[in-house]
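Visitor: Provided below are the primary sequence and the corresponding predicted coordinates.
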There are 2 protein chains.
Amino acid sequence: MAGIEEVAKLAGVSTATVSRALSGRGHVSPASKAKVEEAAALLGYVVSSNASSLASGRTRNVGVVIPFLNRWFFSSVLEGAQQALLRRGYDLTLYNLSGDGRERASVFEHFLLRQRVDAVIAVSLELTEHEVRRLHDLGKPLVGVGGPIPGVRTLTIDDVAVARLATEHLLGLGHRRIAHIGGDLEFDLDFHLPTNRRLGYEAAMREAGVEVEPRFFASADFTIRGGYHAAKQLLGVPHARPTAIFAASDEMAIGTILAVRDLGLSVPRDVSVVGIDDHDLADFFGLTTVAQFPRVQGEQAVEVLMDELEPGLRPPEPEATPLPYELRVRSSTATPPSE
Amino acid sequence: MAGIEEVAKLAGVSTATVSRALSGRGHVSPASKAKVEEAAALLGYVVSSNASSLASGRTRNVGVVIPFLNRWFFSSVLEGAQQALLRRGYDLTLYNLSGDGRERASVFEHFLLRQRVDAVIAVSLELTEHEVRRLHDLGKPLVGVGGPIPGVRTLTIDDVAVARLATEHLLGLGHRRIAHIGGDLEFDLDFHLPTNRRLGYEAAMREAGVEVEPRFFASADFTIRGGYHAAKQLLGVPHARPTAIFAASDEMAIGTILAVRDLGLSVPRDVSVVGIDDHDLADFFGLTTVAQFPRVQGEQAVEVLMDELEPGLRPPEPEATPLPYELRVRSSTATPPSE
DNA sequence: CTGAAAGCGCTAACAC
DNA sequence: GTGTTAGCGCTTTCAG
């Protein structure tokens, strides 16, 4: 393993110049820079990140803490973050907090304390005040994605507004008996998305002067299967069944579509269905949905961190940046049946 | 940030003893050990991984290189690896090679060369001989999951045998017109799974004395949508349409089920469908499939690495360890229609 | 079983 | 613009 000294010798300069030339910090004459780069390439030299980190205090590594890997939203955020980091020469250390809660403490032991990372991205995870403070004391920037963390810069869509938009779309089509499939309460612990989406739904209903009926609400676990069963429940009533269902996620909406079919009904003739996400499968199922852009959220989280890590000129943005979303009308929604 | 020195002072021992007590390397009297641990806890001390790595040459970090994050197989492997590593106090640095191939070179620059990791897990990625050698020269253990890498310990199911099993299941039910949805050729570049599964299918057919008809083959991209379109193609012929379809993945099999329904046919009455994976959704769709266990594959990959990283007593296993798989019969397969 | 001390390979003042 | 040099915080011989 060639070291910096050998490169310096070969290039005919000092190790300090090599370091400067290769890291871009401080000024180096173009001539020296060229020599250094040539020498480094020749020897296949690359800095030892450990030595560099130890000496500089920077690791060029950010930690991503995330509760699921196998769900569309989460893997998309992760993908976006990974790519943005890679582009900037940063590594991504992954902490998947699925499984028991014991892991969580362990993770904080691990990497907060081992100083492996320069910054942390917390996805849909509500950190305790203690955890936040601990990071803060260490001077590690922290940014949240998808779940508001008190006192922390967070990227998240406005769940209330998104749900309202979806509901208003159905109301606009003339629907009045609109049911909602929300998230199980357990999903509300760490990120209040289920509650917020339900609030948006109820607000839109009330504003339109439509009563919110408890029998038009069901909860599920954000999966296709969960949505399927919830929808069957909602549609099972013989009379005055809902003419539309707004599901809090596309996967549940897809489950709903499958349930409608299995009930011998047709989407959108008998029942309109709308979701949230614009999941990979939404287009395939012709699902009308409110799109959000998790990849972009991951990328943007990285950008925010970079502003703090490598201070540029951009003005710091407000604490909770609202993210874009967009209604995508496909073939799962239509005017209600005329009865 | 408390350092090792402060801990040593508080515990009344030398830094060397603190190091030994906390790392478990070398012998320390129980008494000292207790004192050190108490002092460390009191000060909230945790070793700096950089300093430790620099001095010891070990990073307690492994790199995982993986082409997709948003596919069931891959996120499951990742999850398994992550958990197994966490348990052992290792970090996982993620390198997602989706996107352009440029990234790939960059990744090798990054972490091979920055010596960030002690070992590498390559998931469904065929490394070049050069890449393998480079890692080897650096003394970094490398283990593959899901795609055979020449000269490298690899965990993978026997794709030929798995496909044969799925096909034999259909043959055993009396099917003769069995179509196969395989992977696009582009997927074959990095891991030969599509080809191998097709070979297994053909072998089973021939052994049963059934001719393999080209019109009974279609390829897709391993997605539900891809499977759907491929299945429509296969089932579109007016006469002598296949009575069974074996898809090379569950997602394609699910697409097939949806296509069958849309064609006004019924699974399994008109068409039997079998897949490979035992995807989360397989049970929901009543899909008969050959289950594989990607989480376990991820965990096992870690185990293999640990044997090399922290040599224990276990005998090294053969280069290509066959992994378990298992036919799970559900409601998507039945005897063929009697015509 | 424990301590002293020499680095691990780089970066960042500081001088020039 | 470039060289000199003192660490970064730990691990690990080597003595004892």
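Guide: That came through fine. Numbers count the residues shown, from 1 in each chain, chains lettered A, B, ... in the order given.
Visitor: bridged to the nearest residue in space to A:Asp278 that is not next to it in sequence, which residues?
Guide: The spatially closest residue to A:Asp278, leaving aside those adjacent along the chain, is A:Ala291, at 3.4 Å (C-beta to C-beta, 6 or more residues apart in numbering or on different chains). Where you see a C-beta, it was placed from the backbone N, CA and C, and this is true even at glycine. When bridges are called by DSSP bridges, A:Ala291 pairs up with A:Asp277, A:Glu326.
Visitor: touching, A:Ala291 and A:His279? I think so.
Guide: No - at 9.3 Å, A:Ala291 and A:His279 do not qualify as touching, with contact defined as C-beta atoms under 8 Å.
Visitor: work out for me the element A:Gly80 sits within.
Guide: A:Gly80 is part of helix A:72-87, with elements assigned from DSSP states H and E.
Visitor: report the angle between that helix and helix B:72-87.
Guide: If you take axes from the mean of the first three to the mean of the last three C-alpha atoms, to 10 degrees, helix A:72-87 sits at 70 degrees to helix B:72-87.
Visitor: state the mean pLDDT of helix A:72-87.
Guide: For helix A:72-87, mean pLDDT is 95.
Visitor: in it, what's buried?
Guide: Counting neighbours by 16 or more other C-beta atoms under 10 Å in any protein chain shown, one finds that the buried residues in helix A:72-87 are A:72-86.
Visitor: A:Leu54: what's it in contact with?
Guide: By C-beta atoms under 8 Å, 6 or more residues apart in numbering or on different chains, A:Leu54 lies in contact with B:Ser48, B:Asn50, B:Ala51, B:Leu54.
Visitor: what's the spacing between the residue lying closest to it once chain neighbours are set aside and B:Gly89?
Guide: With sequence-adjacent residues excluded and distances taken as C-beta to C-beta, 6+ apart, A:Leu54 is closest to B:Asn50, at 4.4 Å. Distance of B:Asn50 to B:Gly89, given as C-beta to C-beta, to the nearest Å: 16 Å.
Visitor: quick one: which of those two has more around it?
Guide: B:Asn50 (23 against 11; other C-beta atoms under 10 Å in any protein chain shown).
Visitor: quick one, what contacts that one?
Guide: By C-beta under 8 Å, 6+ apart, B:Asn50 lies in contact with A:Asn50, A:Ser53, A:Leu54, A:Thr59, A:Gln115, A:Arg116.
Visitor: can you tell me the helix or strand for it?
Guide: For B:Asn50, the element it lies in under DSSP H and E is helix B:49-56.
Visitor: what helix or strand is A:Val273 on?
Guide: Using DSSP H and E, A:Val273 maps to strand A:272-277.
Visitor: correction: the previous question concerned A:Arg295.
Guide: Assigned by DSSP H and E, A:Arg295 belongs to helix A:294-309.
Visitor: from the contacts of B:Asn50, which single one is nearest DNA strand C?
Guide: A:Leu54 (4.3 Å; C-beta to the nearest atom of the strand).
Visitor: distance of that closest one relative to A:Val271?
Guide: 62 Å.
Visitor: quick one on the thing from earlier: the contacts of B:Asn50: which ones sit near DNA strand C?
Guide: When C-beta under 7 Å from any atom of the strand is applied, the members of those adjacent to DNA strand C are A:Leu54.
Visitor: okay, who's weakest in the contacts of B:Asn50 by pLDDT?
Guide: Out of these, that is A:Gln115, at 82.
Visitor: not counting its neighbours along the chain, what's nearest A:Leu135?
Guide: Closest to A:Leu135 by C-beta to C-beta, 6+ apart is A:Leu142, at 5.0 Å.
Visitor: phi and psi next, for the one you found.
Guide: The phi/psi pair for A:Leu142 (degrees, to the nearest 10) reads phi -140, psi 130.
Visitor: same thing with A:Thr243?
Guide: phi -100, psi -10.
Visitor: isn't it right up against A:Val273?
Guide: No - at 10.6 Å, A:Thr243 does not count as touching A:Val273 under the criterion of C-beta under 8 Å.
Visitor: quick one, which of these two is more surrounded?
Guide: A:Val273 (31 against 22).
Visitor: the more buried one - nearest residue in space that isn't next to it in sequence?
Guide: A:Ser332 (4.5 Å).
Visitor: now do the contacts for that neighbour.
Guide: Residues in contact with A:Ser332 (C-beta under 8 Å, 6+ apart) are A:Ala253, A:Ile257, A:Val267, A:Pro268, A:Ser272, A:Val273, A:Val274, A:Phe285, A:Gly286, A:Leu287, A:Thr288.
Visitor: how about these in JSON lines, adding secondary structure and pLDDT?
Guide: Formatted as JSON lines, these follow (DSSP: H, G, I helix; E, B strand; the rest coil; pLDDT from 0 to 100):
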{"residue": "A:Ala253", "secondary structure": "helix", "pLDDT": "98"}
{"residue": "A:Ile257", "secondary structure": "helix", "pLDDT": "98"}
{"residue": "A:Val267", "secondary structure": "coil", "pLDDT": "96"}
{"residue": "A:Pro268", "secondary structure": "coil", "pLDDT": "96"}
{"residue": "A:Ser272", "secondary structure": "strand", "pLDDT": "98"}
{"residue": "A:Val273", "secondary structure": "strand", "pLDDT": "98"}
{"residue": "A:Val274", "secondary structure": "strand", "pLDDT": "98"}
{"residue": "A:Phe285", "secondary structure": "coil", "pLDDT": "98"}
{"residue": "A:Gly286", "secondary structure": "coil", "pLDDT": "98"}
{"residue": "A:Leu287", "secondary structure": "coil", "pLDDT": "98"}
{"residue": "A:Thr288", "secondary structure": "strand", "pLDDT": "98"}
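Visitor: and the residues you listed, which are buried?
Guide: Buried members of these, counted by 16+ other C-beta under 10 Å: A:Ala253, A:Ile257, A:Val267, A:Pro268, A:Ser272, A:Val273, A:Val274, A:Phe285, A:Leu287, A:Thr288.
Visitor: so which strand or helix has the nearest residue to the last one once chain neighbours are set aside?
Guide: In this case it means A:Thr288. Ranked by C-beta to C-beta, 6+ apart and with sequence neighbours excluded, the top spatial neighbour of A:Thr288 is A:Thr333, at 4.2 Å. Under DSSP H and E, no helix or strand contains A:Thr333.
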